[in-house]
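Chemist: Structural data only, the sequence is not supplied:
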């Protein structure tokens, strides 16, 4: 019954460690799967990894961001936010069949609140979704794989203070729209099944007031109904202007370079795929200088009681160690006492382990050392305590006694380590008789 508790405790520990290991492994696998899915989305034809590579190749600072740390708003020239959810704050229905997977309109769920905070914190471009998952999976663009127009119009009305904002159907399969750069460049944006929109709260950057793809818009209605009020952000209604697929069409890549360079200057373009707001907030943070009062706060209650307790404990330990018991005693050990202490320790260990034969051998060594110390004194004990030297000394005095001593020592040293106690005691008795004769005969 006494051994059952430790065994049960060990079994519980093993089970607990096993469960913890499974949980940790599951979390790691889930993280890898989610990271892999997002990486696949970014690298697909509807992703924006190509934009980062293109801007970096043109000596612009560009970064893809998936979350995990706070971003300093002062270093962000433009936050590009690709949206892959056509219905904010609504949970998507996971597809069950291959057909449902191809027709899926949302890649993941996105809340509107973090997006709204981002666009009010830093210059932001919101990139609306356009294609269903089938375009990413089959690598084929077809009008049947466009997201429903009603969903995109609802997104525009959620992003803008305009209940009339809506998509405008294109007139041709391929739409060509002129772009005039700030330095007089004239380029042409080429889009397949262009996703155009119109809103009175937006000023077109690419397109016209009645049909635009990139515009500077208001996210709150001001006192006037025009776009001259504050609180502006960019809307890109057709992601094919900047995504991996669209950069290869027409002058889209050059438009991206010229436009983004004119907006950010020497700051960064951050392509933000994160679902939360990681922009560091600088509002309502008072700036104050440090003073001695900040340090003195560490000595106010309740921390004051901690310091007093520590001081009392230090004084108590000092008194107990240095006054009550006094300083540590210095004990002088000679070589003989050291050897005796060591042999006693070895003997105890061997007695516990059942090695009576080995213990008898150590005992014989200790007895020779003790007799040598009593005969020759501490100065000569180290030399004469060696068995060969001690036997030689005895032989000079009494050859028969030396033969008995040598025989007794050999029998003891030849005992097996796990010899019985009776066999060990028999040889030790013989040794003791010889040593008594030597001690009294000398």
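Modeler: Sure thing, it's come through. Just so we're clear, the structure is a prediction, and the values are computed from it rather than from any experiment.
Chemist: And the helices in the chain?
Modeler: Assigned by DSSP state H, the helices in the chain fall at 4-43, 49-57, 98-102, 112-121, 133-138, 149-159, 252-264, 292-296, 303-318, 335-353, 356-384, 387-397, 399-413, 421-441.
Chemist: Format the ones you listed as a markdown table; extra columns: mean pLDDT.
Modeler: Formatted as a markdown table, the helices of the chain follow (pLDDT from 0 to 100):
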| stretch | mean pLDDT |
| --- | --- |
| helix 4-43 | 63 |
| helix 49-57 | 93 |
| helix 98-102 | 85 |
| helix 112-121 | 90 |
| helix 133-138 | 86 |
| helix 149-159 | 92 |
| helix 252-264 | 92 |
| helix 292-296 | 77 |
| helix 303-318 | 88 |
| helix 335-353 | 53 |
| helix 356-384 | 76 |
| helix 387-397 | 81 |
| helix 399-413 | 81 |
| helix 421-441 | 77 |
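Chemist: Indicate which one of those helices is closest to residue 215.
Modeler: In this view, the helices of the chain are compared for proximity to residue 215 by CB to CB, and helix 149-159 is the closest at 10.5 Å. Heads up, the C-betas are built off the backbone N, CA and C, glycines and all.
Chemist: Only the buried residues of that closest one, if you could.
Modeler: 151-152, 154-156, 159 (16 or more other CB atoms under 10 Å).
Chemist: Repeat that for stretch 244-254.
Modeler: Quick answer for stretch 244-254 (16+ other CB under 10 Å): 244-247, 249-254.
Chemist: From these, pick the one nearest residue 24.
Modeler: Nearest to residue 24 among the buried residues of stretch 244-254: residue 244, at 35.2 Å, using CB to CB.
Chemist: From residue 97, how far off is the closest one?
Modeler: 27 Å (CB to CB, to the nearest Å).
Chemist: Over to residue 185?
Modeler: Remark: distance between residue 185 and residue 97 (CB to CB) = 48 Å.
Chemist: swap in residue 391?
Modeler: Going from residue 391 to residue 97 by CB to CB gives 97 Å.
Chemist: With neighbour numbers in mind, choose between those two.
Modeler: Counting neighbours by other CB atoms under 10 Å for residue 391 and for residue 97 shows that residue 391 has the greater number, 17 against 8.
Chemist: ok, that one - contacts?
Modeler: Contact analysis of residue 391 by CB atoms under 8 Å, 6 or more residues apart in numbering lists 402, 405-406, 409.
Chemist: which of the buried residues of stretch 244-254 lies closest to residue 190?
Modeler: Looking across the buried residues of stretch 244-254 and measuring by CB to CB, the closest to residue 190 is residue 250, at 2.9 Å.
Chemist: in the sheet, who's paired with the nearest residue to that closest one once chain neighbours are set aside?
Modeler: Leaving aside its chain neighbours, residue 250 sits nearest to residue 190 (2.9 Å; criterion: CB to CB, 6 or more residues apart in numbering). Beta-bridge pairing for residue 190 (DSSP bridges): residue 176.
Chemist: how close does the closest residue to residue 116 other than its chain neighbours sit to residue 199?
Modeler: Once flanking residues are discounted, residue 116 sits nearest to residue 219: 7.3 Å by CB to CB, 6+ apart. Distance, residue 219 to residue 199, using CB to CB: 12 Å.
Chemist: Residue 242 now?
Modeler: From residue 242 to residue 199 the distance is 20 Å (CB to CB).
Chemist: ok, now residue 51?
Modeler: 25 Å.
Chemist: Can you report how many residues lie near residue 49?
Modeler: Burial measure for residue 49: 16 neighbouring residues, criterion other CB under 10 Å.
Chemist: wait, isn't it in contact with residue 42?
Modeler: Yes - counting by CB atoms under 8 Å, residue 49 does reach residue 42; the two are 4.8 Å apart.
Chemist: which residues do those two both contact?
Modeler: With CB under 8 Å, 6+ apart, residue 49 and residue 42 have common neighbours residue 64.
Chemist: Surely residue 192 and residue 176 touch.
Modeler: No - in terms of CB under 8 Å, residue 192 does not count as a neighbour of residue 176; the distance is 10.9 Å.
Chemist: more neighbours, those two?
Modeler: residue 192 (17 against 13).
Chemist: Next, the contact list for the more buried one, please.
Modeler: 141, 173-175, 240, 249.
Chemist: would you turn the residues you listed into TSV with distance to residue 102?
Modeler: Output for these, formatted as TSV (distance: CB to CB, whole Å):
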residue	distance to residue 102
141	13
173	21
174	24
175	25
240	19
249	23
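Chemist: Strands - which of those land there?
Modeler: 174-175 (DSSP state E).
Chemist: State the pair within the contacts of residue 391 that is farthest apart.
Modeler: The span of the contacts of residue 391, defined through CB to CB, is set by 402 and 409 at 10.6 Å.
Chemist: For those two, work out which one has more neighbours and name it.
Modeler: Under the neighbour definition other CB under 10 Å, residue 402 and residue 409 were set side by side, and residue 409 has more, 22 against 19.
Chemist: Which neighbours do residue 219 and residue 199 have in common?
Modeler: Overlap of the contact sets of residue 219 and residue 199 (by CB under 8 Å, 6+ apart) consists of residue 160.
Chemist: who has more neighbours, the two?
Modeler: The neighbour comparison of residue 219 against residue 199 (other CB under 10 Å) goes to residue 199, with 24 against 18.
Chemist: so what pLDDT did the closest residue in space to residue 258 that isn't next to it in sequence get?
Modeler: Using CB to CB, 6+ apart and skipping residues adjacent in sequence, the residue nearest residue 258 is residue 181, 4.6 Å away. What the model reports as pLDDT for residue 181 is 78.
Chemist: what's near enough to touch residue 181?
Modeler: Residues in contact with residue 181 (CB under 8 Å, 6+ apart) are 187, 258-259, 262.
Chemist: Could you measure from it over to residue 254?
Modeler: Residue 181 is 9 Å from residue 254, by CB to CB.
Chemist: Indicate which one of the helices of the chain is closest to residue 86.
Modeler: Short answer: helix 149-159, nearest of these by CB to CB, at 4.0 Å.
Chemist: Next, the angle helix 112-121 makes with that closest one.
Modeler: Relative orientation of helix 149-159 and helix 112-121, computed by axes from the mean of the first three to the mean of the last three CA atoms, to 10 degrees: 50 degrees.
Chemist: Report the distance from helix 149-159 to the chain centre.
Modeler: In terms of CA atoms, centre = their mean, to the nearest Å, the centre of helix 149-159 is found 40 Å from the chain centre.
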